[in-house]
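>>> okay, sequence plus prediction incoming.
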Amino acid sequence: MKKVGIVLSVMVLAATMLFSVSAAEKSGDKNENALKKEIGDMLAGKKTCPVLKDTWIYEFRKNKNYGDGGGWTDITDPTHPVTIPKLFLGFGGADKKLALLHFDISGLPSGQAPKKAVVRLYNDYSGSAAATEVAAKQILSAWEEMKVTWNTAPQLAEQGVSTVTLTGAFTDKQPGKWYEWDVTSIVANWQKGQANYGIALDPVGDSGVDRDFVCKEYKAKSNFAPVLVVEF
């Protein structure tokens, strides 16, 4: 009976969400695709954890905080320049640009080990096709989004749990690219009781190029904000 109740609950929730998608389609709501994906994830046994804090720190500017995004300035209209918040990841010459992310995992089933967990980031601009490797690492100490700098960075695990190679060049007028890092072992640690201080994306090597990623402050692209997807 318990299993039947769970199945029925899921069916009711899915039906409710499908109605929401239908309403979104009629109204032209830009979140239609996000709703469809959420339904697909739910039926596949996946939990989506939104980002609570995201920022980047820059080795070249060791005392500067980028908690508000600290993006580049669009001056295509000189009379009304707009600063677009971003996460920068990679290198500025020989200086690292490292991302710090903290996700809301309160919706995960307590103590249950994940089958798989991935961090997803959306790269919406890349001025160079040069490849850059980036490792995902567990953050081991507390940090504050609006205060952290390179000099006050939290402690990171020495070893990365997965590495992804960033490649390709494209403008902000072209479709971007999602990247995924496997962080299953980190989420498993949290589920065992370790403190959730977040996940760092740490460029590998001594030099290279950087890429622009969407951060939560970029409201025009809120559907592309960083996300943690956990499968049970």
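Nice, I can see it.
>>> alpha carbons only: can I get the top strand by length along the chain in PDB?
Counting by DSSP state E, the longest strand found in the chain is strand 46-58. Output of strand 46-58 as PDB, limited to C-alpha atoms (Å, rounded to 0.1, in the frame of the first residue of the first chain):
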ATOM      1  CA  LYS A  46      16.300  13.000 -10.000                       C
ATOM      2  CA  LYS A  47      16.400  15.900  -7.500                       C
ATOM      3  CA  THR A  48      17.500  19.300  -8.700                       C
ATOM      4  CA  CYS A  49      19.200  21.500  -6.100                       C
ATOM      5  CA  PRO A  50      19.400  25.200  -6.800                       C
ATOM      6  CA  VAL A  51      22.500  27.300  -6.300                       C
ATOM      7  CA  LEU A  52      22.400  29.400  -3.100                       C
ATOM      8  CA  LYS A  53      25.800  31.100  -3.500                       C
ATOM      9  CA  ASP A  54      28.100  31.400  -6.500                       C
ATOM     10  CA  THR A  55      31.100  33.500  -7.100                       C
ATOM     11  CA  TRP A  56      34.600  33.400  -8.500                       C
ATOM     12  CA  ILE A  57      38.000  34.400  -7.200                       C
ATOM     13  CA  TYR A  58      40.900  35.800  -9.200                       C
END
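>>> given it, what are its sheet partners and their directions?
Here strand 46-58 has these sheet partners by DSSP bridges: strand 95-103 (antiparallel), strand 227-231 (antiparallel).
>>> winner for burial among those strands?
strand 95-103 (a mean of 23; mean count of other Cβ atoms under 10 Å). From N, CA and C alone the C-beta is placed, and that goes for glycine too.
>>> distance from that one to the middle of the chain?
10 Å (Cα atoms, centre = their mean, to the nearest Å).
>>> who does whichever helix or strand comes after it touch, helix- and strand-wise?
The first helix or strand that comes after strand 95-103 along the chain, using DSSP states H and E, is strand 116-125. Judged by 3 or more Cβ pairs under 8 Å, 6 or more residues apart in numbering; DSSP states H and E, the packing partners of strand 116-125 are strand 95-103, strand 177-182, helix 184-191, strand 199-203, strand 208-213, strand 227-231.
>>> now for the ones you listed, which one comes closest to A129?
Of all the helices and strands packed on strand 116-125, strand 208-213 sits nearest to A129, with 8.8 Å by Cβ to Cβ.
>>> below-threshold pLDDT in this structure: ranges please.
1-44, 71-82 (pLDDT under 70).
>>> any idea how the chain splits into domains?
1-44, 46-231 (automatic domain parsing).
>>> quick one on the thing from earlier: would you mind giving the strands paired with strand 46-58 as TSV with distance to A169 added?
As requested, the strands paired with strand 46-58 are exported to TSV (distance: least, Cβ to Cβ, whole Å):
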stretch	distance to A169
strand 95-103	17
strand 227-231	24
